[in-house]
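Undergrad: what's the 3D shape of this:
(one chain, ligands or ions: 2)
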Amino acid sequence: MSGVILTVTLNPSVDRALEVDALVRGEVLRAADSHIDPGGKGVNVSRALLANGIRSTAVVPTGGAEGEQLVDLLEAEGVDLLSVPIAGRTRSNITLAEPDGTVTKINEVGPVLSDAEFAQVSKAVLDAAATADWVVICGSLPPGPSIAAFTELCERLVAAGTRLAVDSSGPALLAGVSAGAALVKPNREELAEAVGAEPATFGDVVAACHRLRAAGAGTVLASLGADGAVLVDADGVLAGVSPVSVPRSTVGAGDALLAGFLAAGARGASALTEGLAWGAAAVSLPGSRMPTPSDLDRTHVRVTPDPDPSRPLHS
Ligand SMILES: Nc1ncnc2c1ncn2[C@@H]1O[C@H](COP(=O)(O)OP(=O)(O)OP(=O)(O)O)[C@@H](O)[C@H]1O
Ligand SMILES: O=P(O)(O)OC[C@@]1(O)O[C@H](CO)[C@@H](O)[C@@H]1O
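TA: Ligands and ions are numbered 1, 2, ... in the order given. Model prediction:
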């Protein structure tokens, strides 16, 4: 990895993970353990890169006591930050984790980003993008910025020659696609929403990825939970999987996959293998802990070209 990676999390969070024996509605549950982590998808990409010795800069709007806490948590981890102060309060997202690896997430909507605040964040991103190898915009959009304003940011980045990656959902994902993002990483639900059809087979996934490429995206990395991931780019189609014997928490697995893929050059079987190794390692770790080199095991990753189109998806 030669250049600098800039991650952008427009709606970051303080992630609180509570370990409970079993989730029972209407009961007082006692948490056996709890963790607090800096959160948000781009933040996690930066954390995963750093855990593997790759520096990046994380752009985050932050406000209120939770915003200060987020900055403190990220500084304590050593993540390089470009924090833009906002009037609203940074959100707190809750994860309820059960011993069998089932996680239930409760994500706040997040603070409103005013037009002026979004303009400030955009300026920070565009300025820093001038020296970045990749700009990686991840996660949900906070309330406030119009999709037109977000699309304009993506278009300006692409027009400036930036390699843009977008991992978001709904209209924000489509904005990245139509702006010509070099890379998009939808998960199964996001892919289904983007093309208006639920994929049931690998053939459906590949067809959906081709549609996103035809609509403007360069590379599509579709993450499919326990079914692994499918990579569709100008060189063709690859599918890969990395089985996990004891899943502990899938929170942040997609972010780890994306970070590993970028870290390994974002092209071909070697990058897909690396991404799958990082994703599987994240699933084996509690909360949204990001894997370090000693957590990675590439020997179980299987990548093959042109998956059988009739193969069904399980997860
Ligand atoms: N149960 C699992 N077993 C093995 N690998 C998994 C499992 N769940 C996820 N993974 C790995 O993690 C990657 C990302 O998972 P997923 O498709 O759920 O991403 P995501 O929905 O974007 O996750 P998040 O939003 O929590 O970061 C998958 O491509 C796969 O490599
Ligand atoms: O609400 P969003 O932006 O879609 O997702 C936010 C989030 O669930 O994603 C990360 C895991 O991928 C967590 O750190 C964070 O809480």
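Undergrad: what sits against residue 180?
TA: By CB atoms under 8 Å, 6 or more residues apart in numbering, the contact list for residue 180 reads 155, 158, 164, 216-218. In this view, the C-beta of every residue, glycine as well, is placed from N, C-alpha and C.
Undergrad: Ligand 2 versus that one, what's the distance?
TA: According to CB to the nearest ligand atom, to the nearest Å, residue 180 and ligand 2 sit 23 Å apart.
Undergrad: Among the contacts of residue 180, which ones are in helices?
TA: Counting by DSSP state H, these place 155, 158 in helices.
Undergrad: As TSV, the contacts of residue 180 with pLDDT and neighbour count would be great.
TA: Shown next, in TSV, are the contacts of residue 180 (pLDDT from 0 to 100; neighbours: other CB atoms under 10 Å):
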residue	pLDDT	neighbour count
155	98	16
158	98	19
164	98	27
216	98	16
217	98	29
218	98	19
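Undergrad: with the contacts of residue 180 in mind, which one is nearest to ligand 2?
TA: When these are compared for distance to ligand 2 (CB to the nearest ligand atom), residue 164 wins out at 17.7 Å.
Undergrad: Count the residues that sit near the nearest residue to that closest one once chain neighbours are set aside.
TA: If the residues on either side of it in the chain are set aside, residue 164 comes closest to residue 181, at 4.4 Å by CB to CB, 6 or more residues apart in numbering. Here the number of neighbours of residue 181 (other CB atoms under 10 Å) works out to 29.
Undergrad: Return the residues in contact with residue 167.
TA: So residue 167 contacts 41, 136-139, 173, 184-186, 254-255, 258 (CB under 8 Å, 6+ apart).
Undergrad: Check which helix or strand residue 113 maps to.
TA: Using DSSP states H and E, residue 113 is not contained in any helix or strand.
Undergrad: To clarify, my last question referred to residue 14.
TA: Per DSSP H and E: strand 13-19 holds residue 14.
Undergrad: Which neighbouring elements make contact with that strand?
TA: If you count contacts as 3 or more CB pairs under 8 Å, 6 or more residues apart in numbering; DSSP states H and E, strand 13-19 packs onto strand 33-39, helix 64-77, strand 91-97.
Undergrad: Do any residues in the first one lie close to ligand 1?
TA: No - using CB under 6 Å from any ligand atom, strand 33-39 stays clear of ligand 1, with a minimum separation of 10.4 Å.
Undergrad: Please list the outside residues in contact with that strand.
TA: Applying CB under 8 Å, 6+ apart, the set of residues contacting strand 33-39 from outside is 12-19, 47, 69-70, 73-74, 77, 79, 93, 286-289.
Undergrad: Quick check: buried residues in it?
TA: Within strand 33-39, the residues scored as buried using 16 or more other CB atoms under 10 Å are 35, 37-39.
Undergrad: same deal with the last one?
TA: Neighbour-count burial for strand 91-97 flags 91-93, 95-97 (criterion: 16+ other CB under 10 Å).
Undergrad: Per-residue pLDDT of the closest residue to ligand 1 within the stretch 1-150 of the chain, please?
TA: The stretch 1-150 of the chain approaches ligand 1 most closely through residue 41 (6.3 Å), counting by CB to the nearest ligand atom. Note on residue 41: pLDDT of 98.
Undergrad: now do residue 1
TA: Residue 1 is assigned a pLDDT of 43 by the prediction.
Undergrad: ditto for residue 249
TA: 88.
Undergrad: Which of the three states applies to it?
TA: What DSSP: H, G, I helix; E, B strand; the rest coil gives for residue 249 is coil.
Undergrad: That one touches residue 290, doesn't it?
TA: No - contact criterion CB atoms under 8 Å: residue 249 and residue 290 do not qualify, at 11.4 Å.
Undergrad: Next, show the common contact partners of the two.
TA: residue 282.
Undergrad: just to revisit the earlier point, could you dump the helices and strands packed on strand 13-19 to a markdown table with distance to residue 109?
TA: As requested, the helices and strands packed on strand 13-19 are exported to a markdown table (distance: least, CB to CB, whole Å):
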| stretch | distance to residue 109 |
| --- | --- |
| strand 33-39 | 15 |
| helix 64-77 | 14 |
| strand 91-97 | 7 |
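Undergrad: Which element, helix or strand, includes the residue nearest to residue 164?
TA: Residue-wise, residue 181 maps onto no helix or strand under DSSP H and E.
Undergrad: which phi and psi does it have?
TA: Per-residue torsions, residue 181: phi -60, psi 140 (degrees, to the nearest 10).
Undergrad: From residue 215, how far out is it?
TA: Distance of residue 181 to residue 215, computed by CB to CB, to the nearest Å: 11 Å.
Undergrad: ok, so of the buried residues of strand 91-97, who is nearest ligand 2?
TA: residue 93 (3.6 Å).
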